[in-house]
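Novice: Sequence and predicted model, in that order:
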Amino acid sequence: WDGSDYQFEDLDRWGPVEPNGGTVENCGQLQRANNFALNDRRCNSVDVYICEYNFL
């Protein structure tokens, strides 16, 4: 996601003890194991992505 408008800590769907990666985990992931709560993750991780698109 584009997190330029807010800080990680402002989000309210973090999993237990998240975010915990400091400056090395600057991207987010939905964790299925934690009911799709947010997890901070390294940006170079290989994964499946969800994109947002605004239709006109």
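Specialist: Sure, I can see it.
Novice: which residue packs closest to residue 24, ignoring adjacent ones?
Specialist: For residue 24, ignoring the flanking residues on the chain, the nearest one in space by Cβ to Cβ, 6 or more residues apart in numbering is residue 42 at 6.3 Å. To be clear about C-beta, it is placed using only N, CA and C from the backbone, and glycine gets the same treatment.
Novice: same question but for residue 36, I mixed them up
Specialist: Closest to residue 36 by Cβ to Cβ, 6+ apart is residue 30, at 4.6 Å.
Novice: Phi and psi next, for that neighbour.
Specialist: phi -90, psi 120 (degrees, to the nearest 10).
Novice: Is it correct that it is in contact with residue 40?
Specialist: No - taking contacts as Cβ atoms under 8 Å, residue 30 lies outside contact range of residue 40: 11.7 Å.
Novice: Quick check, central residue of this structure?
Specialist: The chain has residue 28 as the residue nearest its centroid, 1.8 Å off, counting by Cα atoms, centre = their mean.
Novice: Grab the nearest non-local neighbour of it.
Specialist: Closest to residue 28 by Cβ to Cβ, 6+ apart is residue 38, at 5.3 Å.
Novice: any idea of the pLDDT on that neighbour?
Specialist: Per-residue pLDDT puts residue 38 at 89.
Novice: Give the helix, strand or coil label for it.
Specialist: strand (DSSP: H, G, I helix; E, B strand; the rest coil).
Novice: Wait, residue 25 touches residue 18, no?
Specialist: No - Residue 25 is beyond contact range of residue 18, at 9.3 Å (criterion: Cβ under 8 Å).
Novice: now for the helix or strand bottoming out on mean pLDDT in the chain, which elements pack on it?
Specialist: Lowest mean confidence among the helices and strands of the chain (mean pLDDT, DSSP states H and E): strand 27-31, at a mean of 86. Strand 27-31 is packed against strand 37-41, with contacts defined by 3 or more Cβ pairs under 8 Å, 6 or more residues apart in numbering; DSSP states H and E.
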